[in-house]
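Novice: Quick one, fold the following:
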Amino acid sequence: GDRLVDYWTTKMHRCFTLNLLLIAGALTTLACCSLVSAFSSSSSSSPAQPLPNNLPSNPDDVIRQAANSITNAYESGVYLQTIRLPLSQAIYGNKEEGFVADRAIGWQGGPMETYRYLSPMVKNNLLPRIRTANNTAGLNVKVSEQILLDFDGSSLQTTEHPAGALYDIQALIQPNTDGYYIKTIQAIEEQFCNTKKVDKPNRLFVLLNPAWRDKSSFGIFGAQKAQELILDRYETTYAVDQFIVRGRQISLLKCWSSDWGLYAAVVNDNDCGGKDKQSMPAQLIASFATRPEYKEIDAALKGVMNK
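Specialist: Just a heads-up that it's a prediction; the model follows:
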């Protein structure tokens, strides 16, 4: 009996939240109908930019790099974007002990734990730095947040731009493969974006740190729908992925409009038989046009280690 009550309570909560999104989106759409876009929505691809030699070394560098990538992609006509900020205690907590090499890099805890760090970082630092219009009249962007499902660590953050509603941004934080989020994404697109131009919506909508990696994450029955609705349409414009390969900290960095960069922490042996080692900042060792598979990463790292 208790399980049945919990089930229907959750279903009602999700339906109520989705209805709120639809209402809020409809009001925002009415407010922006008479506005004119500040940037050209040209779909021409930007020339590839060089990758930095080193990874960002602190949260401020990550936010600055991410905000620039999102803005540049937006100005190039990319309005549906996927962003992946790094989830490692070393970069967010300024931990001197660095990374642990015997397990995957990341937070010890579930999505509610990562949400506690992501939410204020996105709300107070990332979203206000994204430029969707040049004329702000000296006013600051206001950011509000609506918690979706607290046990998923998910929320919807919305900016209110001083230049008008057409320049607002919506960021869906930590969506997962549950059907609820598919419906939520569809609802936001229908109400927040330009439904007359589905392939070129005129306002920025960001999926931030989604739980999926590719269509296999959605299972057999949801893979095709997810591919068509999300994976083929929401371009990754900034990402820092971190993991361990061959006992070394490895990072993938994607910036708009650069290739994927592979970075490895360099370890220098001292003169004492290699017993004591010093870790140097991660350096760029390879680049790829698309996100590399494990075998490509392993081959590149092996080539560096054999030198």
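
Novice: Any regions of the stretch 201-307 of the chain where pLDDT drops low?
Specialist: Where the stretch 201-307 of the chain drops to pLDDT under 70, the residues are 201, 266-281, 307.

Novice: can you do 90?
Specialist: Scanning the stretch 201-307 of the chain for pLDDT under 90 picks out 201-202, 213-216, 219-222, 241-251, 257, 264-283, 301-307.

Novice: Where do the strands of it begin and end?
Specialist: Counting by DSSP state E, counting those that start in this stretch, the stretch 201-307 of the chain has these strands, from start to end: 204-208, 235-245, 248-255, 260-269, 277-288.

Novice: is it possible to export these to JSON lines including distance to residue 85 and mean neighbour count?
Specialist: C-beta coordinates here come from the backbone N, C-alpha and C atoms, glycine included. Shown next, in JSON lines, are these (distance: least, CB to CB, whole Å; neighbours: other CB atoms under 10 Å):
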{"stretch": "strand 204-208", "distance to residue 85": "7", "mean neighbour count": "23"}
{"stretch": "strand 235-245", "distance to residue 85": "7", "mean neighbour count": "19"}
{"stretch": "strand 248-255", "distance to residue 85": "12", "mean neighbour count": "22"}
{"stretch": "strand 260-269", "distance to residue 85": "16", "mean neighbour count": "18"}
{"stretch": "strand 277-288", "distance to residue 85": "17", "mean neighbour count": "15"}
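
Novice: Can you convert the ones you listed into TSV and add a column each for distance to residue 297?
Specialist: Shown next, in TSV, are the strands of the stretch 201-307 of the chain (distance: least, CB to CB, whole Å):
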stretch	distance to residue 297
strand 204-208	24
strand 235-245	6
strand 248-255	6
strand 260-269	6
strand 277-288	8
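
Novice: Out of those strands, which is closest to residue 214?
Specialist: strand 235-245 (11.4 Å; CB to CB).

Novice: Pairing partners for the closest one, with directions?
Specialist: Strand 235-245 sits in its sheet next to strand 80-84 (parallel), strand 248-255 (antiparallel), going by DSSP bridges.

Novice: Send me the shortest one as CSV with only the CA atoms.
Specialist: Spelled out, it's strand 80-84. Taking Å, rounded to 0.1, in the frame of the first residue of the first chain, the C-alpha atoms of strand 80-84 are listed here in CSV:
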residue,chain,number,x,y,z
LEU,A,80,20.4,23.9,-28.4
GLN,A,81,23.5,22.9,-26.5
THR,A,82,24.9,20.3,-24.2
ILE,A,83,27.5,21.3,-21.6
ARG,A,84,29.5,19.0,-19.3
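
Novice: picking up where we left off before, which of the strands paired with strand 235-245 sits closest to residue 131?
Specialist: strand 80-84 (14.0 Å).

Novice: pLDDT on the closest one, on average?
Specialist: Average pLDDT, strand 80-84: 95.

Novice: try stretch 129-143
Specialist: 85.

Novice: For that stretch, buried residues please.
Specialist: Along stretch 129-143, these residues count as buried under the neighbour rule (16 or more other CB atoms under 10 Å): 130, 131, 132, 133, 141, 143.
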